[in-house]
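Q: sequence first, then the predicted structure:
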Amino acid sequence: RWLFDQAICTLYAFCGVLFGLSSLGSLTVLSAVCCLKVCYPAYGRCWHAHAALLLPAVWGYALAFAAAPLARWGSYGPEPYGTACCISWEASSSEATLYILALFIFCYLLPCLLILLSYALILWTVWVSRRALRQH
């Protein structure tokens, strides 16, 4: 069972959500930057100027969703087995259900789709360029 009080449970869950979302956000941004560098080579010379904006944006995005349960939109609590804490997935209110739905769409589905799209565009660009080289 969880050995600590609710405050530590909340902190533990908050950190898990924050670092998990920032990790997926970083991977999403990295795949988009790679896509831009491969598919649009002119962008490769100026992307570092955007990095100073992208990094805080990723962390801000993750912080907004991780802090939402602290503002009573969703909640943190013990996991079903009771050994750790995370988001309370058993939504007891419409607000908690909306938070879980928003988390799924904006923090899982959208990043995964952007990653898949980025790598699909990279593969398409490589395929088209190889095909063009074979024809010449």
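A: Arrived safely.
Q: could I get the full set of helices for this structure?
A: 6-39, 47-67, 94-104, 110-135 (DSSP state H).
Q: okay, angle between the third one and helix 110-135 too, please.
A: To tie it back to what came earlier, the one meant is helix 94-104. Orientation check (axes from the mean of the first three to the mean of the last three Cα atoms, to 10 degrees): helix 94-104 against helix 110-135 gives 20 degrees.
Q: give the contact list for A96.
A: Listed by Cβ atoms under 8 Å, 6 or more residues apart in numbering, the contact set of A96 reads W73, G74, S75, S88. Using the backbone N, CA and C atoms, a C-beta is placed for each residue, glycine as well.
Q: what's the burial count for the nearest residue to A102 once chain neighbours are set aside?
A: What sits nearest to A102 in space, not counting adjacent residues and going by Cβ to Cβ, 6 or more residues apart in numbering, is F65, at 7.7 Å. The tally of other residues near F65 (other Cβ atoms under 10 Å) stands at 22.
Q: before we move on, what about Y40?
A: Y40 has 12 neighbours, counted by other Cβ under 10 Å.
Q: if anything else comes up later, I'll come back, but that's it for now.
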